[in-house]
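*Asks:* I'll drop the sequence and a predicted model, then ask my questions.
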Amino acid sequence: MDPRQTQSISTPAEDEELLAAFETCVLVSVPLVLTSAVELGIIDLLAREGGASARLSPSQIVSRLGITNPDAPRTVDRMLRLLASFSYLSCTLDGDQRLYGIGPKSKYFVSSEAGSFAPLLRFLQHKTVINGWYGLQEAVKNGGSPFQNANAMSIFDCAMKDPAFSALLNNGMKAPTPLYMNKILDSYRGFEGAKTVADVGGGVGESLRLILNKFPHLRGINYDLPHVVKDAPAHPRMEHVGGDLSKSIPKADILFMKWLFHGRPDDFCKKLLKNCYEALPPNGKVVIFDPILPDYPETDAVSRNAFTSDMIMLGASPGGVDRTRKELEALALSAGFDKPRIPCRAYNMWVMELHKRK
């Protein structure tokens with residue numbers, strides 16, 4: 001008899017409430033299992049074997065990955081049926097055997113030059129980052145950054161001291177960039193008419209590379225900490241410049257910031273924007289690509305993503321915080337800019353333009 005046909009003595013409403021609460025206790029298993037599937041090469045293997053149309057058994061997956069542990073097929077099957085239940089993978093039954101392929105969500109975790117969340121997933125599930133959450137209670141009671149409370153250093157100090165961790169952080173920021181930037185650049189025309197653009201806090205230059213490829217009339221400056229830009233790949237119209245964002249900003253017609261503003265406290269952002277104001281020509285502008293929080297905790301997917309992003313900033317970045325439109329407006333006005341203009345949104349990120357007050 002199918003277990004689902006067994007008489008339930010709990011009502012659907014009771015199931016929904018209690019099981020949602022129980023799922024919260026065990027939900028951590030989903031990103032951790034997905035991380036293992038990514039690192040083992042399972043997701044890329046399924047993508048190579050036909051994506052959503054792939055039909056591989058756990059034994060076939062283990063064999064093609066060269067894993068010799070006799071218990072591996074059973075363990076892999078248990079992992080993948082969980083991911084299939086959460087729509088990361090597709091699953092079909094062949095008799096009593098489950099066959100797996102890429103699902104609606106896992107396509108975003110396939111290694112690809114077109115963008116992937118896999119490196120960001122690996123970074124956020126790294127034991128050092130996870131350990132940072134154990135400093136949250138101390139942050140509530142006594143202040144400070146949860147990450148620093150737990151690890152005795154900031155996430156940026158950790159990156160400077162540990163090249164492997166730094167590479168994981170930089171790749172985690174770089175790899176998803178095409179998913180967002182290509183969508184924005186298909187519609188946003190805000191780079192037209194400029195001659196130069198500087199990506200402030202641009203990491204290894206991935207966003208700027210995409211901007212320059214879309215707008216061949218532009219020349220770019222990728223500006224970040226010296227240890228970040230020293231190994232950044234070359235581009236014929238891009239100059240990599242190392243420096244301190246809090247002290248100076250390169251002069252350019254457009255100053256672009258992606259996933260930077262929300263990673264810093266208000267005092268830093270005010271200083272950063274004042275530096276931007278000084279570096280811009282009269283008709284120049286700042287373009288910020290970041291989340292914007294709704295004033296009320298809405299339950300739609302975009303709002304939940306914004307609030308989750310805010311928690312990542314709380315947990316990892318010292319003083320990092322996502323802001324509402326009113327909070328962003330106050331920071332802009334304090335540095336001499338007009339109210340932000342918000343021309344478009346892509347997924348859970350907004351494009352904001354700051355212009356000098358006339």
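*Replies:* Looks like it arrived, so ask away. Residues are numbered from 1 along each chain as shown.
*Asks:* domain parsing for this protein?
*Replies:* 12-108, 112-170, 176-355 (automatic domain parsing).
*Asks:* would a markdown table of the ones you listed with distance to residue 6 be doable?
*Replies:* (Glycine included, C-beta is placed from N, CA and C.) Listed next are the domains of the chain as a markdown table, based on distance: least, C-beta to C-beta, whole Å:
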| stretch | distance to residue 6 |
| --- | --- |
| domain 12-108 | 13 |
| domain 112-170 | 36 |
| domain 176-355 | 32 |
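*Asks:* where do the helices of the stretch 1-150 of the chain begin and end?
*Replies:* Assigned by DSSP state H, counting those that start in this stretch, the helices in the stretch 1-150 of the chain fall at 12-26, 29-40, 42-48, 58-64, 72-85, 118-124, 127-132, 136-142, 146-151.
*Asks:* nope, the stretch 201-350 of the chain is what I meant
*Replies:* 206-214, 226-229, 266-279, 301-316, 325-334.
*Asks:* spatially central residue in this structure, please.
*Replies:* residue 120 (5.8 Å; C-alpha atoms, centre = their mean).
*Asks:* skipping adjacent residues, who's closest to that one in space?
*Replies:* The spatial neighbour of residue 120 that comes closest, neighbours along the chain excluded (C-beta to C-beta, 6 or more residues apart in numbering), is residue 172 at 4.3 Å.
*Asks:* any idea how far residue 308 is from the one you found?
*Replies:* Distance, residue 172 to residue 308, using C-beta to C-beta, to the nearest Å: 15 Å.
*Asks:* the residue nearest to the centre of the chain reaches residue 170, doesn't it?
*Replies:* No - using C-beta atoms under 8 Å, residue 120 is not in contact with residue 170; the gap is 11.1 Å.
*Asks:* export the domains of the chain as CSV, with columns for mean pLDDT.
*Replies:* Listed next are the domains of the chain as CSV, based on pLDDT from 0 to 100:
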stretch, mean pLDDT
domain 12-108, 94
domain 112-170, 94
domain 176-355, 95
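*Asks:* just give the nearest non-adjacent residue to residue 39, would you?
*Replies:* Per C-beta to C-beta, 6+ apart, closest to residue 39 is residue 122, 6.8 Å.
*Asks:* that neighbour: what's it in contact with?
*Replies:* 35, 38, 39, 168, 172 (C-beta atoms under 8 Å, 6 or more residues apart in numbering).
*Asks:* which one is the fourth one nearest to, not counting chain neighbours?
*Replies:* Of all residues beyond its chain neighbours, the one nearest residue 168 is residue 123 (4.9 Å), with distances taken as C-beta to C-beta, 6+ apart.
*Asks:* surely that neighbour meets residue 171?
*Replies:* Yes - taking contacts as C-beta under 8 Å, residue 123 lies within contact range of residue 171: 7.4 Å.
*Asks:* which of the two has more residues huddled nearby?
*Replies:* residue 123 (21 against 18; other C-beta atoms under 10 Å).
*Asks:* which residues touch the more buried one?
*Replies:* Per C-beta under 8 Å, 6+ apart, neighbours of residue 123: 129, 168, 169, 171, 172.
*Asks:* out of these, which one sits closest to residue 297?
*Replies:* residue 129 (24.6 Å; C-beta to C-beta).
*Asks:* most tightly packed of the helices of the stretch 201-350 of the chain?
*Replies:* helix 206-214 (a mean of 22; mean count of other C-beta atoms under 10 Å).
*Asks:* list the residues that contact the nearest residue in space to residue 205 that is not next to it in sequence.
*Replies:* Leaving aside its sequence neighbours, residue 205 sits nearest to residue 222 (C-beta to C-beta, 6+ apart; 4.0 Å). Each residue near residue 222 by C-beta under 8 Å, 6+ apart is listed here: 198-199, 202-205, 208, 229, 232, 238-241.
*Asks:* now residue 342
*Replies:* 292, 325, 350, 351, 352, 353.
*Asks:* ok so, going back, a markdown table for the helices of the stretch 201-350 of the chain, including distance to residue 97?
*Replies:* As requested, the helices of the stretch 201-350 of the chain are exported to a markdown table (distance: least, C-beta to C-beta, whole Å):
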| stretch | distance to residue 97 |
| --- | --- |
| helix 206-214 | 41 |
| helix 226-229 | 48 |
| helix 266-279 | 55 |
| helix 301-316 | 34 |
| helix 325-334 | 52 |
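*Asks:* can you tell me which of those helices is nearest to residue 10?
*Replies:* helix 301-316 (26.9 Å).
*Asks:* for the closest one, packing partners?
*Replies:* The contact analysis (3 or more C-beta pairs under 8 Å, 6 or more residues apart in numbering; DSSP states H and E) places helix 301-316 against helix 127-132, helix 136-142, helix 146-151.
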